[in-house]
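1. any chance you could fold what I've pasted below:
(one chain, ligands or ions: 2)
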Amino acid sequence: MKYARALTIAGSDSGGGAGIQADLKTFQELGVFGMSALTAVTAQNTLGVHGVYPMSLEALENQIDAVAADLPPAAIKTGMLFNSDMIELVARKVKEYDWNQVVIDPVMVAKGGQSLLQEEAVEALIEQLLPLSYVITPNLPEAEALVGMSVQTIEDRKLAAKKLHQKGARHVVIKGGHGKEGDQVIDLLFDGENFTEFESQRIQTKHTHGTGCTYAAAITAEIAKGKSVKDAVNTAKQFIQAAIEHTLEFGEGHGPTNHWAYNEK
Ligand SMILES: Nc1ncnc2c1ncn2[C@@H]1O[C@H](COP(=O)(O)OP(=O)(O)O)[C@@H](O)[C@H]1O
Ligand SMILES: Cc1ncc(COP(=O)(O)OP(=O)(O)O)c(N)n1
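-> Ligands and ions are numbered 1, 2, ... in the order given. Next up, the predicted model:
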């Protein structure tokens, strides 16, 4: 069986729940060979981020070039990109290697409130990376930062998705975990023409560290395997729902999700 390959360009989470650790675990569980280019090393646990140590641009570029030269990926996921220099580098590499299945998870703030993207870099993300994105997966606060409006109701989310599509994102997934729609969590996919809602029961738990990373990584893995974006989001929704429902209950704070759960169903 020929395995598809996916590359994550993101930060390392020493606590194992988010960042490239979440991405690689998710790729593996979905049968995709995962590769990684580190943008930063973070000292993290379930109680928060205790240090951020960005890689040099040379180190990031060499990691990407090494993978592209020998192990060209079918799909790429970006996570924590830290600053505008890194965003510009990644955009240049996407164009250099003509990568057209890029999933952008616009990571800005960790669950504990610590910044993972310098404020000046939001503009670079919009101008440089959005036009190259196959899918972008903002949560509600990230969508607000990207489109400059309040994004809460379903109508807000539809308007924000259209704005992000106009800025160049070919598909937009507005994640609903931060939403206040009662006991449901509604994720919204926009493909430039149609909206699709993916609904699930909200699970009452604090153990949601890395949910966005895991969800975007699952979308990336499915796209790497040749699935449509709609089918990829559908699988990712089931993956993350199982990962949260069967929590590991690790740590004193926001614990990690369970990346084994989907296959243990
Ligand atoms: N409590 C929850 N119950 C069920 N699903 C959830 C819950 N929290 C998050 N999710 C799922 O995880 C996805 C990502 O979570 P969200 O909080 O929206 O983004 P992020 O983790 O990037 O802040 C959501 O789109 C949703 O599908
Ligand atoms: C290295 C790194 N990348 C991304 C994150 C974000 O994870 P988290 O704080 O759990 O938020 P979501 O992934 O759920 O949006 C991180 N903490 N560290």
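2. around ligand 2, pick out the residues from the chain.
-> 10-13, 18-19, 42, 79-80, 107, 110-111, 116, 139, 209-213 (CB under 6 Å from any ligand atom). Any C-beta I mention is one placed from the backbone N, CA and C, and that applies to glycine too.
3. in helices, which of these fall?
-> Mapping the residues of the chain next to ligand 2 onto helices (DSSP state H) picks out 19, 211-213.
4. which among the residues of the chain next to ligand 2 are in contact with ligand 1?
-> By CB under 6 Å from any ligand atom, the members of the residues of the chain next to ligand 2 lying near ligand 1 are 139, 211-212.
5. what residue lies at the spatial centre of the chain?
-> Asp105 (3.2 Å; CA atoms, centre = their mean).
6. that one contacts Cys213, doesn't it?
-> Yes: look at Asp105 against Cys213 with CB atoms under 8 Å: they come within range, at 6.4 Å.
7. give me the common contacts of the two.
-> Common contacts of Asp105 and Cys213, defined by CB atoms under 8 Å, 6 or more residues apart in numbering, comprise 10, 79.
8. can you map out the helices along this structure?
-> 19-29, 57-70, 84-96, 121-124, 140-147, 154-166, 211-224, 229-245.
9. format the ones you listed as TSV; extra columns: mean pLDDT.
-> Putting the helices of the chain into TSV (pLDDT from 0 to 100) gives the following:
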stretch	mean pLDDT
helix 19-29	98
helix 57-70	98
helix 84-96	98
helix 121-124	93
helix 140-147	95
helix 154-166	97
helix 211-224	98
helix 229-245	98
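10. so what does Tyr97 have for phi and psi?
-> phi -100, psi 0 (degrees, to the nearest 10).
11. burial count for it?
-> 17 (other CB atoms under 10 Å).
12. now do Ser115
-> Neighbours of Ser115 (other CB under 10 Å): 12.
13. tell me how far it lies from Glu123.
-> Applying CB to CB, to the nearest Å, the value for Ser115 to Glu123 is 15 Å.
14. so which bits of the stretch 1-150 of the chain are right by ligand 1?
-> By CB under 6 Å from any ligand atom, the residues of the stretch 1-150 of the chain that approach ligand 1 are Asn139.
15. re earlier: which of the ones in helices among the residues of the chain next to ligand 2 sit farthest apart?
-> Gly19 and Thr211 (12.6 Å; CB to CB).
16. ok, those two, which is more surrounded?
-> Gly19 (29 against 23).
17. need the contact list for the more buried one.
-> Contacts of Gly19 by CB under 8 Å, 6+ apart are 10-13, 42, 79-80, 210, 213.
18. Ile186 bridge partners, please.
-> Glu199 (DSSP bridges).
19. OK, contacts around it?
-> Contacts of Ile186 by CB under 8 Å, 6+ apart are 154, 176, 179, 197-199.
20. cool, and Tyr97?
-> Per CB under 8 Å, 6+ apart, neighbours of Tyr97: 68, 72.
21. just use 12 as the starting number from now, easier for me
-> OK, 12 is where the count begins now, so the last one is Tyr108.
22. now do it against Asp116, distance only.
-> On the measure of CB to CB, Tyr108 and Asp116 end up 19 Å apart.
23. also Thr57?
-> Thr57 is 20 Å from Asp116, by CB to CB.
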